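A.B. asks: okay, sequence plus prediction incoming.
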Amino acid sequence: MITIEQFRQLELKVGTITQAQEHPNADRLLVLTVDVGGVVKQIVAGIRGHYQPADLVGKLVVVVDNLEPATIRGVASQGMVLAASGGDQLSVITLDKPVPTGSPVR
């Protein structure tokens, strides 16, 4: 269990995927370029078996914006795109109505 204060430390924001491509060194990863309100981030996501890169471009997604940067299989990642999974299904968390890129998620 975490406290509400710990949860509030997460900066969840709306991001727009502007580019997506296959990771050069991993079969299950995609490299996404995400606009998070005027700041463009590169995010490595383990969603390759569930999405074609071209199908993600333009989607509004939920991003953990203050995650410590990491290098994943040789590629820098500056955040995390949230997704839900159950059984063999995986679904990136998207918005049902448009809101400005960079908007906070609460």
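C.D. replies: Looks like it arrived, so ask away.
A.B. asks: quick one: contacts for the residue lying closest to Met80 once chain neighbours are set aside?
C.D. replies: Nearest residue to Met80, sequence neighbours excluded (Cβ to Cβ, 6 or more residues apart in numbering): Val64, at 4.2 Å. (Each C-beta comes from the backbone N, C-alpha and C, glycine too.) Remark: with contacts taken as Cβ atoms under 8 Å, 6 or more residues apart in numbering, Val64 is in contact with 10-12, 79-80, 82.
A.B. asks: farthest pair in those residues?
C.D. replies: Taking Cβ to Cβ as the measure, these span a maximum distance of 12.4 Å, between Glu11 and Leu82.
A.B. asks: need the strands for the chain, in chain order.
C.D. replies: Using DSSP state E, the strands of the chain run over 12-22, 30-35, 40-45, 60-64, 70-72, 75-77, 80-81, 83-86, 89-92.
A.B. asks: note down every partner strand of the last one and its orientation.
C.D. replies: Put plainly, it is strand 89-92. Paired neighbours of strand 89-92 in the sheet (DSSP bridges): strand 83-86 (antiparallel).
A.B. asks: equivalent analysis for the third one, please.
C.D. replies: In the sheet, strand 40-45 lines up against strand 30-35 (antiparallel) (DSSP bridges).
A.B. asks: next one: the partner strand to chain centre, how far?
C.D. replies: 7 Å (Cα atoms, centre = their mean, to the nearest Å).
A.B. asks: model confidence over that strand, on average?
C.D. replies: Across strand 30-35, the average pLDDT comes to 98.
A.B. asks: same question for stretch 65-73.
C.D. replies: The pLDDT scores in stretch 65-73 average 96.
A.B. asks: residues in contact with that stretch: which ones?
C.D. replies: Stretch 65-73 has contacts (Cβ under 8 Å, 6+ apart) with 9-13, 15, 23, 25-26, 29, 36, 41, 44, 76-80.
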